[in-house]
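# Here's my sequence, what's the structure:
(one chain, ligands or ions: 1)
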Amino acid sequence: MSRVFSGIQPSGELHIGNYLGAVRYWVELQDQFECIFGIVDLHAITQPYDPANLPERTLEMAVGLLAAGLDPAKCTLFVQSQVPQHVELMWIFNTVTPVGELERMTQYKEKSASLESIPAGLLNYPILQAADILLYQAGQVPVGEDQVQHLELAREIARRWNARFGDPFRFPEPMALLTGTQRILGLDARAKMSKSLGNTIGLLDTPEEIWDKLRPAITDPARKTRKDAGEPERCPVVYQLHRAFSPPEVVAEVERNCRSAGWGCLDCKRVLADHVIAELAPIRERALALKQRPDDVRDILAAGAERCRKLAEETLSLVYPQMGISRPDRRFL
Ligand code: TYM
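From the prediction side, this is the model:
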């Protein structure tokens, strides 16, 4: 059975963008595959952050993921820094990754553009991501569209390591397994939904917060008044979210009513809000309950990390000897 790996940064809130782009799909995959999901705190520190809140944000992310439906009986959930082998494999991959490939990465270009001094960690970020995936020899990696370029680089890193050292052990070249909804736009329709842009609906928002955020969301610009007929395809946010949250018969009704000006945009948003709230309310409830039991959540993460350290050691025990490095007794890990 092919192993699935994916990760999420604890810096961003869990919002409907990363929920639809990745996490909702992870919940489905855990019934079909052996799944490992990492809260990637070592990635998060490549951006400005406050060390005082990082533990809390990491725990919050775990609460959100469990509330969204990840089940520790079906999948492994862990925090990246609790498995030091990620950093070891990253260093190894540093030695086979061309700097030119890293400089080509869109995310690197975007994030470094405004910086006077660029930390090497920002450039090397995708190497750590490749290590995350290949440490578990994962064949499938469910991510949103913005991460596809990093997966292609992970594949290239695997290919280069294999070509140089791989005989007979070989890394699988990770396969991008894309989610149904690949890129969720923010409520302002200007860019992808992302906490740093303030254009999100949080997974744990209250019904009132959801409605307050949805009400001003951008719709088809051709519909200036209620009587103007619209085109759902030109309504980048609300229609996309209807398709993600509303049942097919409601989506069909939305299309009809938009084209015939049967509803105003606000009516359409109200129907959407009802479906978003219906899906998110139980998640919010579970999160509130989990927040009362932080030690249980920490126990789940500790058990996940223990399992991951074992799997990671299996991979490193193949990697090091092939690179001519004999390892001391590592039972202390
Ligand atoms: P991160 O934390 O930015 O996002 C987590 C996942 O959510 C997806 N996503 C979205 N999908 C659609 N529309 C959006 N608006 C949206 N916003 C976020 C992302 O594509 C991602 O799948 N580098 C990764 C984390 C990572 C990782 C890994 C992923 C580290 N190691 C190994 C896979 C495998 C990141 O920053 O994701």
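
# Look up how far Cys258 lies from Leu77.
Remark: distance between Leu77 and Cys258 (C-beta to C-beta, to the nearest Å) = 40 Å. In this view, the C-beta of every residue, glycine as well, is placed from N, C-alpha and C.

# quick one: low-confidence ranges for the stretch 101-250 of the chain?
The stretch 101-250 of the chain contains residues with pLDDT under 70 at 178-181.

# Output the set of residues of it in proximity to the ligand.
Contact residues (C-beta under 6 Å from any ligand atom) of the stretch 101-250 of the chain with the ligand: 129, 132-133, 141, 143-144, 146-147, 183-184, 192-194.

# would you turn those residues into a markdown table with neighbour count and secondary structure?
A markdown table is the format used below for those (neighbours: other C-beta atoms under 10 Å; DSSP: H, G, I helix; E, B strand; the rest coil):
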| residue | neighbour count | secondary structure |
| --- | --- | --- |
| Gln129 | 25 | helix |
| Asp132 | 27 | helix |
| Ile133 | 30 | helix |
| Val141 | 24 | strand |
| Val143 | 22 | strand |
| Gly144 | 21 | coil |
| Asp146 | 17 | helix |
| Gln147 | 22 | helix |
| Arg183 | 15 | coil |
| Ile184 | 24 | coil |
| Lys192 | 17 | strand |
| Met193 | 25 | coil |
| Ser194 | 17 | coil |
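
# Which single one of these is nearest to Gln240?
The shortest approach to Gln240 among these belongs to Ile184, at 6.8 Å (C-beta to C-beta).

# Ramachandran coordinates for the closest one?
phi -90, psi 120 (degrees, to the nearest 10).

# swap in the one 4 residues further on?
The phi and psi torsions at Asp188 (degrees, to the nearest 10) take the values phi -90, psi 0.

# sorry, back to before: closest to the ligand out of the residues of the stretch 101-250 of the chain next to the ligand?
Gly144 (2.3 Å; C-beta to the nearest ligand atom).

# if we can go back for a sec, and the furthest pair within the residues of the stretch 101-250 of the chain next to the ligand?
Ile133 and Met193 (23.9 Å).

# if I look at Pro172, how far off is the ligand?
14 Å (C-beta to the nearest ligand atom, to the nearest Å).

# actually Pro84, not the one I typed
Going from Pro84 to the ligand by C-beta to the nearest ligand atom gives 15 Å.

# try Arg24
10 Å.

# swap in Ala120?
Taking C-beta to the nearest ligand atom, one finds Ala120 at 17 Å from the ligand.

# Over to Ser2?
From Ser2 to the ligand the distance is 15 Å (C-beta to the nearest ligand atom).

# Who's the closest spatial neighbour of that residue, skipping the chain neighbours?
Excluding its sequence neighbours, the residue lying closest to Ser2 (C-beta to C-beta, 6 or more residues apart in numbering) is Gly139, at 3.9 Å.

# In the stretch 1-150 of the chain, what residue spans correspond to strands?
Ranges of strands within the stretch 1-150 of the chain are 3-8, 34-39, 75-79, 140-143, based on DSSP state E, counting those that start in this stretch.

# CSV for these, including distance to Val99?
Below are these laid out as CSV (distance: least, C-beta to C-beta, whole Å):
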stretch, distance to Val99
strand 3-8, 23
strand 34-39, 25
strand 75-79, 29
strand 140-143, 24
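
# Lowest average confidence across those, which one?
Among the strands of the stretch 1-150 of the chain, strand 140-143 carries the lowest mean pLDDT, at a mean of 90.

# and that one, what does it pack onto?
Contact analysis of strand 140-143 by 3 or more C-beta pairs under 8 Å, 6 or more residues apart in numbering; DSSP states H and E lists strand 3-8, helix 24-29, helix 148-165, strand 175-178 as its packing neighbours.

# Thank you, goodbye.
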